[in-house]
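1. next one to model:
(chains A, B, C and D)
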Number of protein chains: 2
Amino acid sequence: MTRQADGPLPALPCACANLRRAARAVTRVYNRELRATGLELTQYTLLMALNVTGETTQGGLGRLLALDTTTLTRMLRPLTKRGWIAAQPGDDRRERRLRLTAWGRRKLGQSRRHWQRAQEGLRQGLGEPTWSQMGKLLAEVTRVSAEV
Amino acid sequence: MTRQADGPLPALPCACANLRRAARAVTRVYNRELRATGLELTQYTLLMALNVTGETTQGGLGRLLALDTTTLTRMLRPLTKRGWIAAQPGDDRRERRLRLTAWGRRKLGQSRRHWQRAQEGLRQGLGEPTWSQMGKLLAEVTRVSAEV
DNA sequence: ACACACTATATGTATATACATGTATTCTAG
DNA sequence: CTAGAATACATGTATATACATATAGTGTGT
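-> You can find the predicted model right below:
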């Protein structure tokens, strides 16, 4: 990306644009650290989420991440291909039940310290009060947007 | 998207994942309102940004939006195709100078009230103090992430 | 003027993301 | 039990996004 020396970026009139711009900027920070692992932030997120939930369905994962389930169909493909996530039909045979494989857990474990460098860097850059404010704020924004 | 009745989504351990999840949820709110206009939020954002800056270069627009300039090459294509944005080489002939056309300004004007419905809905849903907190917070997050 | 570093954008490739629609499966009213 | 509604996921299609690399243009030191 083209870097800049122009000081802080002016706020945009659109809250959504500001949010997406922030997401791009932050994603770059995390991806830079994760580069060494061969995982991208979004892929790390899927493994992390599955590790948190334990076995779940594609729809359940999509709801947790506020991701369209049909988007997940394709996002999961490279991860199942590489053997980090396993999928099999559930008792309700429309469902795909997803779980981390042993390899997936290992991959997640090996990548965690890289992820953590990014996360700690951001936390330090923001400072503790701002950091925890961000957590609360994002939860609230997501809640409000999802319930509309 | 699959809707949910599960109450608030649990926070994820990763700040970037939380940020991206919020961005997806909020983007859906805006896109729902913008649907009637034939513009998507990201396209509205480009028109809005060009309207704010006036004539600028592709690189300048990318820096403003924290978007890779090579990403813009393709994001701009449908908008120039439809005649809302005009591009021509600058005095420095490597540059593409971009500007809103009259049509583009009109399109932006016609779409503004739809955009505003989304923005006002979100603002009301969050309440004024949280709303302005969000503005400051996103500015800070973007600044910190961009300067690393 | 020239060689070389530097900059701005384009292209190749891969993933992320959503919506409309299709298909298989499950549920439910009668 | 069955017809039709509802659900879960897959596919088609379009845009969003980034990075590596290619190309063309600019600036600079000698």
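
2. specify the local secondary structure of residue A:67.
-> Using DSSP: H, G, I helix; E, B strand; the rest coil, the three-state assignment for residue A:67 comes out as coil.

3. so what's it up against?
-> With contacts taken as CB atoms under 8 Å, 6 or more residues apart in numbering or on different chains, residue A:67 has the following neighbours: A:61, A:75, B:21, B:24. For the C-beta atoms, the positions are set from N, CA and C on the backbone; glycine is no exception.

4. what does chain A have sitting close to DNA strand D?
-> A:1, A:20, A:24, A:27-28, A:31-32, A:57-59, A:62, A:69-70, A:72-74, A:92, A:94-96 (CB under 7 Å from any atom of the strand).

5. drop anything exposed from those.
-> When these are checked for burial by 16 or more other CB atoms under 10 Å in any protein chain shown, the buried set is A:20, A:24, A:27, A:28, A:31, A:57, A:58, A:62, A:69, A:72, A:95, A:96.

6. how long is stretch A:80-91 from one end to the other?
-> 20 Å (CA to CA, to the nearest Å).

7. do the same with stretch A:80-90
-> Terminal residues of stretch A:80-90 are spaced 17 Å apart (CA to CA).

8. who in chain A is up against DNA strand C?
-> Remark: the part of chain A in contact with DNA strand C comprises A:2, A:40, A:42-43, A:66-68, A:70-71, A:74-75, A:78, A:91-94, using CB under 7 Å from any atom of the strand.

9. can you list contacts of stretch A:31-39?
-> Outside stretch A:31-39, the residues that reach it (CB under 8 Å, 6+ apart) are A:40, A:41, A:44, A:47, A:107, A:110, A:111, A:114, A:115, A:117, A:118, A:121.

10. ramachandran angles for residue A:23?
-> phi -60, psi -40 (degrees, to the nearest 10).

11. quick one: contacts for the nearest residue to it once chain neighbours are set aside?
-> Across the structure, with CB to CB, 6 or more residues apart in numbering or on different chains as the measure, the residue nearest residue A:23 apart from its sequence neighbours is residue B:23 (4.3 Å). The contact partners of residue B:23, by CB under 8 Å, 6+ apart, come to A:16, A:19, A:20, A:22, A:23.

12. pLDDT below threshold where in chain A?
-> For chain A, residues meeting the criterion pLDDT under 70 lie at A:1-6.

13. who touches residue A:100 in this structure?
-> A:47, A:50, A:51, A:84, A:85, A:86, A:108.

14. and those as a markdown table, adding distance to residue B:130?
-> As requested, the contacts of residue A:100 are exported to a markdown table (distance: CB to CB, whole Å):
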| residue | distance to residue B:130 |
| --- | --- |
| A:47 | 32 |
| A:50 | 31 |
| A:51 | 31 |
| A:84 | 37 |
| A:85 | 36 |
| A:86 | 41 |
| A:108 | 33 |
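
15. from those, pick the one nearest chain B.
-> Chain B has its nearest neighbour among the contacts of residue A:100 in residue A:51, at 9.3 Å by CB to the nearest CB.

16. relative to DNA strand D, how far out is that closest one?
-> Shown here: residue A:51 relative to DNA strand D, a distance of 18 Å by CB to the nearest atom of the strand, to the nearest Å.

17. neighbours around that residue, how many?
-> 16 (other CB atoms under 10 Å in any protein chain shown).

18. is the helix or strand encompassing it positioned near chain B?
-> Using DSSP states H and E, residue A:51 maps to helix A:41-53. Yes - applying CB under 8 Å from any CB of the partner chain, one finds helix A:41-53 touching chain B at A:41, A:42, A:44, A:45, A:48, A:49, A:52.

19. wait, doesn't the fifth one sit right on residue B:14?
-> To tie it back to what came earlier, the one meant is residue A:48. Yes - using CB atoms under 8 Å, residue A:48 is in contact with residue B:14, at 6.1 Å.

20. and the residue of chain A closest to DNA strand C?
-> Here the residue of chain A nearest DNA strand C is residue A:42; by CB to the nearest atom of the strand that distance is 3.3 Å.

21. from residue A:57, how far out is residue A:96?
-> Relative to residue A:57, residue A:96 is positioned 6 Å away (CB to CB, to the nearest Å).

22. now the helix ranked longest in chain A against helix A:41-53, angle please.
-> With DSSP state H applied, the helix covering the greatest number of residues in chain A is identified as helix A:102-126. For helix A:102-126 against helix A:41-53, the angle by axes from the mean of the first three to the mean of the last three CA atoms, to 10 degrees is 110 degrees.

23. so what's the residue nearest the centre of chain A up against?
-> If you average the C-alpha coordinates of chain A and look for the closest C-alpha using CA atoms, centre = their mean, you land on residue A:45, 3.5 Å from that point. With contacts defined as CB under 8 Å, 6+ apart, the neighbours of residue A:45 are A:65, B:12, B:14, B:16, B:17, B:20.
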